[in-house]
Each structure stands twice: as structure tokens, then as C-alpha cells.
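requesting a structural model of the entry that follows:
(chains A and B)
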Amino acid sequence: MRTFKAYFKKEIIESWRQYRYLVLAVGFIFFAIADPLMLKILPTILKNQIPAEMMQFMQFDPVQAVANYMKDIYQLGNLFVILSLMGIISDEIGQEKLVFPYSKGSKSEGIVLAKSIHYSLTLLFLILVGFILNTYYVNLLFEGVIVGYADTLRSGLLFAIYYIFTISLLLLFSSFTRKGLVAGMIVLLFNYIEPVLYNIKGLADWLPYNLVRQANMLGDLNMSIAWKSILTTLLYAIILQALTIWRMKRVEVI
Amino acid sequence: MFADMSVMEIIQLLLPVLVIQLILMITALFVLVKAEKVRFLPKWVWAVIIVLGEILGPIIFLTVGREKDV
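Next up, the predicted model:
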């Protein structure tokens, strides 16, 4: 518990110093505001460049606008999370920062859990704020059926669980390398392969990407299917973090 | 919608996005100027990326280009 508390505080200080909070906040909050605005302006910009009959496809309702935000935070959000957290453990191994805490008796369980819980809570907060802002702007700018905050927050929660899985993957791969970029590229590759694997029958329900698909359903979200995906993804995250702890007990600190 | 709006109203609508982008750009430029060393590219190339790279330019500099504090 002592290691957990110390590392949790260290992660907060380091996230400020390394501009991680700024990068993550921009990733989720900037697009929450910019997306509906761009979508609204788009028909005006393209008015003279595309045929009039095509213009009807450029009219969006609130539900489509929220879906567009979710598409962006899946693609760009992954990039922002991976870029800012790719050195989550590898930087400490590479810069030999673990020598002192290990020699003072710090537990690897505390280190891994502090990092995992800290960034999971940060992303949960930013994602929910992003979804609230996006819902506000979408309902303000677009005509049609109003999107409820409860629906978008539920989708936001699914996204947050998906990102807990991504953080766990980053923790694991980052513990195996001294170069954060290598860990980042592996996780990015895995995240881009997942939608392809999703097309394989029988595999879709077992992939964390299913949470993203479920989140996109908004009001039509089937919680019985979502629960299965939530529990499966959290189980994967626990397994990945257990493997990271196992790896951290064997890591060469010098 | 925008046809009925004045330039001032459109600016007000876009203001949060512009403010976020400006804060990010200024922060990244400040970090760049203060940094003794940067990674992968010369400082002036990073400055161009930060200024012209819209939202992604400053993010790429802060995550990839900045020399990490030890």
C-alpha cells in the first residue's frame, strides 16, 4: 500500500511535468467540441463544390453527430493515449529509475496498480467530460431527436473500459522494452487489427472492440450483450496487469 | 444555420476550439524554446510543425519530440 500511494502521487506529478494530462485532455475534449462544429460547417463549405442532390447526405442529426465523435475518439483517442503513455514503464527501465525504489523495497504490484488505476481514472474522467460536452454541442447545433445525457454517458463508460484494456496492454508491452516507441507501435498495431478480427464469426463477442461497437448503438444499446463484453474486457485487463507484475518482478533494473 | 449568423456569432461558437488550440500551441512553443535539446528533428522544424500542424503538431512535439526529464 505504501508503494501504491507513493507511486500514485509520483504519477500525478509526472503527468503534469510530462504534459500527459494536457495531451489526453486535448484528445478527448477538443474533439468533443470541434467535431459537431466541423460537421455543422461542412455543408456550408462544400455547398459550391458538390451537386445539390448530394447535399441531403450532408445533413446530420444529433445521433449521427455523436456517432461521428465516437468514431474520432476511437481512432484519434487511441493515438493520443498510446503516444502519451507508451513510455509508461519502459522509460523507467530505460532511464534506470527503478533502482532506487526497488532497493528501498518497493513492491512491483504497487507500481503497476498505481499506474493502471491513475491513468484509468484520468481517462474515465476525461471521456465522461468529453461525452457531456459533445452531447451539449450536438443538441445545440443539430435538429432532430435530442440525444440524452444518460445514453451518451453509458457509451462513454464503455469507451473508458475499452481504454482500461489499452492501458493494460501498454503496461505489459512497455515492461518488456526499454523503448516506449516500440511498445506504442505494438499496441497501436493491435488496436488497428482488432476491427479486422471483429469480422471473424464467433470472435467478435470476445474482443474488447465489441465495447466500441456497443457504445456506437447509443439508445439502442443492449446491456445484456454489453455486460458480457465489459466483464470479458475487465478480465483481460486483470490478466494483462498480472502478467505485467510478474514481468516487473524479473526486470533488470540496471 | 450559419447563413443567419453574424461573423461575431460564428466566432463565439468557434471560440472554445480556437482557445484550446491556441493554449496548446503556446504551451508547445514555450516548451520548445525552453528545451536545451529536442529529439529526432532540429528545433526550427519542430517550431514549423507546432505552428502549422494544427492540433496534432503540438501533440506530436510534446509526446515524441520533447526530451524527457530524467
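
low-scoring stretches of the stretch 151-254 of chain A, by residue?
A:254 (pLDDT under 70).

all helices for it, in order.
A:180-197, A:209-215, A:223-250 (DSSP state H, counting those that start in this stretch).

of all those helices, which lies closest to chain B?
Across the helices of the stretch 151-254 of chain A, chain B has its closest neighbour in helix A:180-197 (7.9 Å, CB to the nearest CB). In short, each C-beta sits where N, CA and C put it, glycine included.

spatially central residue in chain A, please.
By CA atoms, centre = their mean, chain A has its centre lying nearest to A:Tyr163, at 3.4 Å.

rewinding a little: B:Thr27: which of the helices of the stretch 151-254 of chain A is closest?
Comparing the helices of the stretch 151-254 of chain A by their distance to B:Thr27 (CB to CB), the top pick is helix A:180-197, with 21.2 Å.

in space, what's closest to A:Leu113 - neighbours in sequence excluded?
Using CB to CB, 6 or more residues apart in numbering or on different chains and skipping residues adjacent in sequence, the residue nearest A:Leu113 is A:Phe4, 5.8 Å away.

for chain A, give the helix that spans the most residues.
helix A:108-141 (DSSP state H).

one step back: neighbours around the residue nearest to A:Leu113, how many?
For A:Phe4, the count of nearby residues is 19 (other CB atoms under 10 Å in any protein chain shown).

hmm, it is touching A:Ser116, no?
No. If you go by CB atoms under 8 Å, A:Phe4 and A:Ser116 don't touch, sitting 10.4 Å apart.

distance of whichever residue of the stretch 1-150 of chain A sits closest to chain B from A:Glu11?
Taking CB to the nearest CB, chain B has its nearest neighbour within the stretch 1-150 of chain A at A:Leu83, 4.1 Å off. For A:Leu83, the distance to A:Glu11 equals 17 Å [CB to CB, to the nearest Å].

same deal with A:Leu197?
Counting by CB to CB, the separation of A:Leu197 from A:Glu11 is 32 Å.

of the two, give the one with the bigger neighbour count.
More crowded of A:Leu197 and A:Glu11, by other CB under 10 Å: A:Glu11, with 21 against 13.

which element, helix or strand, includes that one?
Assigned by DSSP states H and E, A:Glu11 falls within helix A:2-17.

which strands or helices does the helix or strand following that helix pack on?
Sequence-wise, the next helix or strand downstream of helix A:2-17 (DSSP H and E) is helix A:20-25. On a contact count with 3 or more CB pairs under 8 Å, 6 or more residues apart in numbering or on different chains; DSSP states H and E, helix A:20-25 meets helix A:62-85, helix A:108-141.

can you give me the buried ones in the helix or strand following the first one?
Spelled out, it's helix A:62-85. Going down the chain from helix A:62-85, the next helix or strand is helix A:90-94, by DSSP H and E. The neighbour-count check on helix A:90-94 (16 or more other CB atoms under 10 Å in any protein chain shown) flags A:90-93 as buried.

can I get these in TSV with distance to A:Phe173 and pLDDT?
Below are the buried residues of helix A:90-94 laid out as TSV (distance: CB to CB, whole Å; pLDDT from 0 to 100):
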residue	distance to A:Phe173	pLDDT
A:Ser90	8	86
A:Asp91	13	83
A:Glu92	14	82
A:Ile93	12	83
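
this completes my enquiry, with thanks.
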